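Peer 1: Got a predicted structure here, sequence first:
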Amino acid sequence: MIEKYGMKLNDTVLAEPHQMGLYDDLMSKKAELAAGGGAQNSARGAQYMLPEKSVWYVGCVGDDEYAELLRRNCKEQGVHTEYRVDKEKPTGRCGVIITDHHRTMCTDLAAANEYKLEHLQQPQIWSMVESSKVYYVGGYHLTVCVPAAMAVAKHAAETNKPFLLGLSAGFIPQFFKDQLAEIVPYADYVFGNENEAKAWAESQGMDASTTVAQAAQKMAEYKKVNSKRPRTVIITQGTEPTLVAVQGEDKVREYPVLSIDSSKINDTTGAGDAFAGGFLAGVVSGEDVQTCVQKGQWLAKLSIQELGAAYPQPKQTF
Ligand code: ADP
Ligand code: MG
Ligand code: MG
């Protein structure tokens with residue numbers, strides 16, 4: 001399948017016309033359906049570790065069965081959703097090919113690409129933004145509606161509330177460099193994996209020998225609007241230690257990941273999303289960085305034992 005659709009192992013790509021057949025192809029092979037959306041996975045993850053009604057989510061879906069599935073899934077997990085419903089495009093899909101512990105992903109954003117600032121600016125939605133305490137925007141959204149992401153980022157900076165940003169995929173720093181440059185100055189926390197950190201370093205003209213730690217440090221020192229909060233950059237590296245660079249610190253901190261028996265790993269899709277969710281829960285609870293990392297790793301470890309970015313029921317406690 002990976003070869004047939006012109007992908008490489010572990011790719012995270014946006015579907016090109018020649019790859020659109022992948023979805024029906026997967027479904028005809030009885031692929032399983034799991035709720036997704038990178039940031040939405042993190043939202044469900046954070047809610048898993050927080051008191052009831054802590055998390056709400058905005059995004060855009062189509063008027064179809066898949067949207068209903070996402071709504072139901074979020075509701076079951078206690079995440080309140082405020083979707084913009086696009087009448088023309090179907091709900092976005094991500095085809096995931098799982099081979100051993102690798103996941104190769106091909107995303108057709110479809111309706112997910114149709115989020116609009118006007119949706120966020122509706123009085124009842126914007127008042128929910130104003131009464132929220134912590135904000136997270138996934139990097140994928142930078143392909144969709146930068147003004148909506150910026151509205152949230154600016155509100156957070158003006159009110160000195162934490163704004164967190166995910167890099168989501170290597171192609172974001174690579175092909176959405178300007179959009180990223182607009183929002184990173186507002187980010188108090190940035191999440192990424194090793195490939196995304198390297199892609200960002202490359203986009204900044206750093207040479208190929210730049211280490212992941214150096215990339216993280218460079219991003220931590222990138223210009224910042226809200227000077228009341230130093231920027232923290234968190235780079236996960238699969239089974240390798242999680243790196244944390246904090247603006248103004250000369251040493252990058254390292255946190256080994258929680259080991260897991262390889263036979264227990266079911267699907268590593270969304271490991272990074274689950275990590276961000278756990279970390280977010282830590283930030284919401286006012287924990288220090290080390291505890292936030294531990295919460296992230298704990299939730300990621302649970303999630304990779306499930307199919308998709310899912311969290312086990314009955315609920316386990318940190
Ligand atoms: P992404 O899904 O964005 O590529 P990573 O692969 O870096 O993110 O995974 C995020 C986190 O999930 C890691 O820091 C680690 O805590 C956990 N994790 C991922 N893969 C494994 C694994 N094979 N064994 C144990 N933990 C893992
Ligand atoms: Mg990875
Ligand atoms: Mg990721």
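Peer 2: Yes, it's here. Residues are numbered from 1 along each chain as shown. Ligands and ions are numbered 1, 2, ... in the order given.

Peer 1: Can you tell me, leaving aside adjacent residues, what's nearest to Gly78?
Peer 2: Gln47 (5.0 Å; Cβ to Cβ, 6 or more residues apart in numbering). C-beta: built from backbone N, CA, C; applies to glycine.

Peer 1: Can you spell out which helices and strands pack onto the helix or strand hosting the one you found?
Peer 2: Here Gln47, judged by DSSP states H and E, is contained in helix 38-49. When contacts are defined as 3 or more Cβ pairs under 8 Å, 6 or more residues apart in numbering; DSSP states H and E, helix 38-49 sits against strand 56-62, helix 65-76, strand 135-137, strand 163-166, helix 271-284, helix 289-303.

Peer 1: Repeat the analysis, applying 7 Å as the threshold.
Peer 2: Helix 38-49 sits against strand 56-62, strand 135-137, helix 271-284, helix 289-303, with contacts defined as 3 or more Cβ pairs under 7 Å, 6 or more residues apart in numbering; DSSP states H and E.

Peer 1: Point out the most buried one among the ones you listed.
Peer 2: Highest mean neighbour count of the helices and strands packed on helix 38-49: helix 271-284, a mean of 28 (counted as mean count of other Cβ atoms under 10 Å).

Peer 1: Residues contacting that one, please?
Peer 2: Outside helix 271-284, the residues that touch it by Cβ atoms under 7 Å, 6 or more residues apart in numbering are 38, 41-42, 44-46, 49-50, 54, 133-134, 136, 162, 164, 166, 191, 193, 234, 236, 291-293, 295-300, 303-304, 309.

Peer 1: Repeat that for stretch 199-216.
Peer 2: Defining contact as Cβ under 7 Å, 6+ apart, one finds that stretch 199-216 is touched by 167, 170, 173-174, 177, 194, 197-198, 218-219, 233, 235, 237, 243, 245, 252.

Peer 1: Inside strands: which ones of those?
Peer 2: Cross-referencing the contacts of stretch 199-216 against strands under DSSP state E gives Val233, Ile235, Gln237, Leu243, Ala245.

Peer 1: who in the protein is up against ligand 1?
Peer 2: Taking Cβ under 6 Å from any ligand atom as the criterion, the chain approaches ligand 1 at residues 101, 193, 236-239, 242, 257, 260, 265, 268, 271-272, 275, 297, 300-301, 304.

Peer 1: Show me what residue of the stretch 101-250 of the chain gets nearest to ligand 1.
Peer 2: Thr236 (3.2 Å; Cβ to the nearest ligand atom).

Peer 1: My guess is Gly248 contacts Thr232. True?
Peer 2: No - using Cβ atoms under 7 Å, Gly248 makes no contact with Thr232, being 10.5 Å away.

Peer 1: Who has more neighbours out of the two?
Peer 2: Comparing Gly248 with Thr232 by other Cβ atoms under 10 Å, the one with more neighbours is Thr232, at 25 against 8.

Peer 1: Contacts only, for that one.
Peer 2: If a contact means Cβ under 7 Å, 6+ apart, then Thr232 has Asp188, Tyr189, Ala220, Val244, Val246, Val289 as its contacts.

Peer 1: partner residues bridging it?
Peer 2: Beta-bridge partners for Thr232, by DSSP bridges, are Tyr189, Val246.

Peer 1: what separates it from Arg44, distance-wise?
Peer 2: Thr232 sits 23 Å away from Arg44, going by Cβ to Cβ, to the nearest Å.

Peer 1: Measure how buried Glu249 is and give me the count.
Peer 2: Glu249 has 14 nearby residues by other Cβ under 10 Å.

Peer 1: Going along the chain, name the helices of the stretch 1-150 of the chain.
Peer 2: Under the criterion DSSP state H, counting those that start in this stretch, the stretch 1-150 of the chain contains helices at 22-28, 38-49, 65-76, 117-121, 123-130, 146-158.

Peer 1: what comes up buried for the longest one?
Peer 2: Meaning helix 146-158. By neighbour count on 16 or more other Cβ atoms under 10 Å, the buried set for helix 146-158 is Val146, Ala148, Ala149, Met150, Ala151, Val152, Ala153, His155, Ala156, Ala157.

Peer 1: In contact with the closest residue to the third one other than its chain neighbours, which residues are there?
Peer 2: Among residues not flanking Ala149 along the chain, Val137 sits closest, at 4.8 Å (Cβ to Cβ, 6+ apart). Contact partners of Val137, counting by Cβ under 7 Å, 6+ apart, are Ala39, Ala149, Val152, Leu165.
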